[in-house]
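Engineer: have a look at this fold, sequence not included:
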């Protein structure tokens, strides 16, 4: 009777190892498929990021052109100060000329 029991235990042990091996093999295959899927998703995401970077760079260039086009119609601060100073000098000359005429008329 003893030999039959050892044979049954050995058979059950072999079946248990076979089932465990099958599940480990299946788990390994599943993990490899997930890794391959993740690699593909990463590549797709990298392509999308590169595309978005290109679009963003184009957008930045367009915005820079638009901003520079808007500011070409404006006067810089230094140019404004220079022109205002020129007008003030001309007004001072006119004022001096008027005062000269006014004081010259009183003296006559």
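Structural biologist: Cool, got the structure. None of the values given here were measured: they were computed from a predicted structure. Numbering: from 1, shown residues only.

Engineer: and residue 27, how many residues sit next to it?
Structural biologist: Residue 27 has 10 neighbours, counted by other C-beta atoms under 10 Å. Quick note: C-beta positions are derived from backbone N, CA and C, even for glycine.

Engineer: tell me the spacing between residue 94 and residue 81.
Structural biologist: Going from residue 94 to residue 81 by C-beta to C-beta, to the nearest Å gives 21 Å.

Engineer: do residue 103 as well
Structural biologist: Applying C-beta to C-beta, the value for residue 103 to residue 81 is 32 Å.

Engineer: next: residue 13.
Structural biologist: The spacing between residue 13 and residue 81, counted by C-beta to C-beta, is 97 Å.

Engineer: likewise for residue 29?
Structural biologist: Distance from residue 29 to residue 81, by C-beta to C-beta: 77 Å.

Engineer: repeat for residue 71
Structural biologist: The gap separating residue 71 from residue 81 is 18 Å, by C-beta to C-beta.

Engineer: break this structure down into its domains, please.
Structural biologist: Following automatic domain parsing, one finds the domains of the chain at 1-74, 75-108.
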